[in-house]
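**Student:** pasting the structure only:
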């Protein structure tokens, strides 16, 4: 379950050691934009040591390395790969070839370290007009790609438009990304909401992203994590309904019936698939059994 | 004397007050780390050859470091205070005073003064404005500090009262805090303080993301406590995370249209904003922390100055703290029985004091500690705090970035927070969680002689602080 992904600058020791306590499902240790060129070395070593020594309390680790058009990305991998990160985030991914370049280097490291191929997943960060147009090609370029992630700040700069709270300027990119990801059968993550003091705004933005089909959302503020988790979690009502669906299906099978209705509505394959996803998530959240027990 | 209490110099006022060896002088701390009065008075006293004095100061800041010289020279042999900043604290912890410092609380101090347990021979009142007969106020003048709340019991009970001002105005000064009826002498000086040190540097909301997470959780705890409704009363300290919690609480109160009763304590601009936004009907102010608070107490009749006794005295017939719903407090350490240390650092060296901590914790319906799980690699949750400043029986909940620990004595709160889906954790589990990150620190060296007694607000001895060798 990866509803929220929290960015933590790779050069902020206090935030890095607190990462595991902030409620995010995944932590993005950032070696790219948050770190100035003269601090790249220090950040790499700091992030490496955090991954080596700190108890991150079950949070997934994602490391945003520098983009493949810089001199830094290979040195990033050299420090990070031995720590076996869950994911590498590849910024400014513009096309499938970018994915393959990173994929080849990660594969070399996996081999050198005796890791199973594709242990380390790749999450291309799509933040250019070219990247958006190539979203499906990127998402399906390699088995290593497990998710794609929209970065709206750089994208709107590339589009030469203003980034607004309403987000009309990224509507196309959002829809295109979701479509591409689902077609390629990978997860898709929405861009952070950057006004850390707008409590209503983050909720509205996260709810909108969920309504479009995003798997989850990234955040630059620990304060947004709770809202994101809440929005991208199934509600108690959803969970209860999912169990009802599965009970109804079981009953249909027992009775040898091909189709069954619940609350006057036919249960079809997509409804069953959604119910299974909801139950899987509820069980991961530790609330599935409680709701079932209530039943 | 009949029509004018102004004397020519501070030395003359001290002479006229009859101060002699072995007596007690008192000071208040509204000028905080910008205060010149304690230093100028003690320097004059030292030059006059008076020795073996007790200094009873409501708080001591590092600007008062010259006091250490007077201790070494035998001018000062006893200290009573409610708070001591780290610079002075380290010297006291190293054992420069033969007799232990007496730490009281902001409520215990006036109570003991009024009950005659700690009599004062001469009180020196730092007054940003006074008239020649001693009607004085903190609201006006170049050194304006707002409320003079902590000075009231000194003025009302000392054998002699000397007002020291840098803004002498014509008689009668209206809107006084302390009336002439209590004042014996008035001394005019060039400056009673440095305005840049009078206004606290800590009244800014934290920008630390971890602090903001804690503040957010603190506001949610209040929201789900059952106490946040019309008539709500609230106090918070001036620490960055506490102020952020106040800001988030304000957002909730405005969104849910909750009209509170009062905010109290040391007042910051954030509480003033809440008053002006309609979150509270009034502010009860014993001390102003920033210029916005000073401006507000001067101009807004709903922003009321109160004395230290009215604020927190346990022997008063009632005090403001007794009507508090929620107080947010800090901690340098908290143990698994919820006892809180705000007197020493993790090595046992003095770096603070109760101030109003244990008074508000005893009075408020919900006493919340907000603190990070660790500071500079040291966990704040321990098996036993180095010094009990506030007993755990008065603490309801600890809010950290890693979770919220509720004192088992408050089962109702525990259920409410769990129902609200807040991340409630047993304090023992929280301690283990922290130690998985920080490791378990080696115990600080124990021993040494007692350098301070921590006296609870009712006058009983709560704990002792032992010496720590100077580095």
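**Tutor:** Alright, I've got the coordinates. The structure displayed is predicted, hence computed values, not measured ones. Numbering: from 1, shown residues only, chains lettered A, B, ... in the order given.
**Student:** Whatever residue of chain A ends up closest to chain B and residue A:56: what is the separation?
**Tutor:** Using CB to the nearest CB, the closest approach of chain A to chain B is made by residue A:21 at 4.0 Å. Backbone N, C-alpha and C define where each C-beta goes, glycine included. When distance is defined by CB to CB, to the nearest Å, residue A:21 is 9 Å away from residue A:56.
**Student:** quick one: which of the two has more around it?
**Tutor:** For residue A:21 and residue A:56, the more surrounded residue by other CB atoms under 10 Å in any protein chain shown is residue A:21, and the numbers stand at 24 against 18.
**Student:** Would you confirm that the more buried one contacts residue B:374?
**Tutor:** No - using CB atoms under 8 Å, residue A:21 is not in contact with residue B:374; the gap is 9.8 Å.
**Student:** Next one: the residue nearest to residue A:258 when sequence neighbours are not counted from residue B:197, what distance?
**Tutor:** Closest residue in space to residue A:258, ignoring its immediate chain neighbours: residue A:252 at 7.4 Å, by CB to CB, 6 or more residues apart in numbering or on different chains. As judged by CB to CB, residue A:252 and residue B:197 stand 78 Å apart.
**Student:** Residue A:209 too?
**Tutor:** Distance, residue A:209 to residue B:197, by CB to CB: 49 Å.
**Student:** Check residue B:135 too.
**Tutor:** Relative to residue B:197, residue B:135 is positioned 26 Å away (CB to CB).
**Student:** Compare the two and say which one has the larger neighbour count.
**Tutor:** The neighbour comparison of residue B:135 against residue B:197 (other CB under 10 Å) goes to residue B:135, with 25 against 17.
**Student:** how about that one, what does it touch?
**Tutor:** B:171-174, B:176, B:178-180, B:183 (CB atoms under 8 Å, 6 or more residues apart in numbering or on different chains).
**Student:** Now the two most distant members of those.
**Tutor:** B:174 and B:183 (15.8 Å; CB to CB).
**Student:** neighbours around residue A:114, how many?
**Tutor:** 6.
**Student:** Am I right that it sits in a helix?
**Tutor:** No - Residue A:114 sits outside any helix when classified using DSSP: H, G, I helix; E, B strand; the rest coil, being coil.
**Student:** phi, psi of it?
**Tutor:** Summarising the backbone geometry of residue A:114 under the convention degrees, to the nearest 10, its torsions are phi 70, psi 30.
**Student:** mind listing what it touches?
**Tutor:** Residue A:114 makes no contacts at all, as judged by CB under 8 Å, 6+ apart.
**Student:** so which strand or helix has the residue lying closest to residue A:143 once chain neighbours are set aside?
**Tutor:** Spatial nearest neighbour of residue A:143, excluding adjacent residues (CB to CB, 6+ apart): residue A:118 at 5.5 Å. Of the helices and strands defined by DSSP states H and E, none includes residue A:118.
**Student:** Tally up the residues packed near residue B:223, please.
**Tutor:** Applying other CB under 10 Å, we find 18 residues neighbouring residue B:223.
**Student:** The one 4 residues further on too?
**Tutor:** Counted with other CB under 10 Å, the burial measure for residue B:227 works out to 19 neighbours.
**Student:** and if you look at residue A:165?
**Tutor:** By other CB under 10 Å, 11 other residues sit near residue A:165.
**Student:** show me the contacts for it.
**Tutor:** Shown here is residue A:165, whose contacts under the criterion CB under 8 Å, 6+ apart are A:195, A:198, A:201, A:205.
**Student:** for it, helix, strand, or coil?
**Tutor:** Relying on three-state DSSP, one would call residue A:165 coil.
**Student:** tell me the pLDDT at it?
**Tutor:** Reading off the confidence values, residue A:165 has pLDDT 92.
**Student:** Quick check: it vs residue B:355, distance?
**Tutor:** Residue A:165 is 42 Å from residue B:355, by CB to CB.
**Student:** again, but for residue A:236
**Tutor:** For residue A:236, the distance to residue B:355 equals 44 Å [CB to CB].
**Student:** likewise residue B:23?
**Tutor:** Using CB to CB, which is the criterion applied here, residue B:23 is 26 Å from residue B:355.
**Student:** what about those two, which has more around it?
**Tutor:** Looking at residue B:23 and residue B:355 with other CB under 10 Å, you find the greater number of neighbours at residue B:355, namely 25 against 19.
**Student:** Surely that one touches residue B:105?
**Tutor:** Yes - under the criterion of CB under 8 Å, residue B:355 is in contact with residue B:105, at a separation of 7.1 Å.
**Student:** Name the residues contacting each of the two.
**Tutor:** The contact sets of residue B:355 and residue B:105 overlap at residue B:82 (CB under 8 Å, 6+ apart).
**Student:** any weak-confidence spans in the stretch 101-250 of chain B?
**Tutor:** Along the stretch 101-250 of chain B, the parts satisfying pLDDT under 70 run over B:199-203.
**Student:** I should have written chain A there, sorry.
**Tutor:** Answering for chain A: the residues below the bar, that is pLDDT under 70, span A:288-295.
**Student:** longest single helix anywhere in it?
**Tutor:** Looking only at chain A and at elements set by DSSP state H, the helix with the highest residue count is helix A:236-254.
**Student:** What residues sit buried inside it?
**Tutor:** Neighbour-count burial for helix A:236-254, with 16 or more other CB atoms under 10 Å in any protein chain shown as criterion, is recorded at A:238-243, A:245-246, A:248-249, A:252.
**Student:** can you check stretch B:464-471 too?
**Tutor:** Within stretch B:464-471, the residues that qualify as buried by neighbour count (16+ other CB under 10 Å) are B:465-468.
**Student:** ditto for stretch A:69-78
**Tutor:** Counting neighbours by 16+ other CB under 10 Å, one finds that the buried residues in stretch A:69-78 are A:70, A:72-73, A:75-77.
**Student:** Counting neighbours, what do you get for the residue nearest to residue A:143?
**Tutor:** Based on other CB under 10 Å, the number of other residues close to residue A:118 is 16.
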